[in-house]
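[1] no letters, just coordinates:
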């Protein structure tokens, strides 16, 4: 290429480099914004799942209260409270607690 032809192309190349750099920066900023929204959405989902887990834990604790389990056993399963000496614990071949 001749020197005059190169001098004619250089302004165009510099503008092209400038525009492509600015375009790349805009694309990067858009990507950062998009990632920020996805992180925000994920954090909201995480908080919602944490709250749901807490609620389920509280519900489980309510359902497994000793008085509720006893009431269920007496009403639905027709079990009665044990009397003194009725429960015998075994450990291997021998009694764990002598009667």
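    Sure thing, it's come through. Being a predicted model, the structure only gives us computed values, none of them experimental.
[2] show me the helices in the protein, by range?
    Along the chain, the segments classed as helices by DSSP state H run 3-63, 66-75.
[3] in the last one, what counts as buried?
    Neighbour-count burial for helix 66-75, counted by 16 or more other Cβ atoms under 10 Å, picks out no residue. (C-beta placed from N, C-alpha, C; glycine too.)
[4] returning to that earlier point: ok, which of the helices of the chain comes nearest residue 85?
    helix 66-75 (19.9 Å; Cβ to Cβ).
[5] what's residue 65 sitting at in phi/psi?
    phi -60, psi 140 (degrees, to the nearest 10).
[6] quick check: it vs residue 4, distance?
    Distance, residue 65 to residue 4, using Cβ to Cβ, to the nearest Å: 93 Å.
[7] of those two, which one has the most company?
    Between residue 65 and residue 4, counting by other Cβ atoms under 10 Å, residue 65 is the more crowded of the two (10 against 7).
[8] and the gap between residue 46 and residue 15?
    Using Cβ to Cβ, we find residue 46 at a distance of 46 Å from residue 15.
[9] repeat for residue 77
    Applying Cβ to Cβ to residue 77 and residue 15 gives a distance of 85 Å.
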